[in-house]
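Asker: sequence unknown, structure follows:
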């Protein structure tokens, strides 16, 4: 799936989030809900910000860390598992958690 169509798919799946928008960054797109930066779309993959309360869900599913290069690794952003990505309700719930401070 081309990068722009994946971004469109992700935004469609997340449409229930308030004030959802994307902004070009990291060679991909940053995702915001209001002022909260909660996700990254990069190279056909979606990554969400993790917190101590949510990290275990990602680790259980062996979610990869966002690392667009060897020098740029954001350990608190993990890839969203496919089964969550394909379920708009579950994805929105995970996104709401990722957007919390």
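Answerer: Received the coordinates, thanks. Source: prediction; values computed, not measured.
Asker: now do the helices in the protein.
Answerer: With DSSP state H as the criterion, the chain has helices at 3-13, 55-60, 82-85, 88-99.
Asker: and those: which comes nearest residue 66?
Answerer: Closest approach to residue 66 among the helices of the chain (C-beta to C-beta): helix 55-60, 11.1 Å. Using the backbone N, CA and C atoms, a C-beta is placed for each residue, glycine as well.
Asker: can you tell me the average pLDDT over the closest one?
Answerer: Taken as a whole, helix 55-60 has an average pLDDT of 96.
Asker: would you mark the buried spots in that helix?
Answerer: Across helix 55-60, burial judged by 16 or more other C-beta atoms under 10 Å covers 57, 58.
Asker: please apply the same query to stretch 11-27.
Answerer: Using 16+ other C-beta under 10 Å as the burial criterion, the residues of stretch 11-27 that qualify are 11, 13, 14, 17, 20, 22, 26.
Asker: hang on, residue 75 packs against residue 65?
Answerer: Yes. Between residue 75 and residue 65 there is a contact under C-beta atoms under 8 Å: 5.4 Å.
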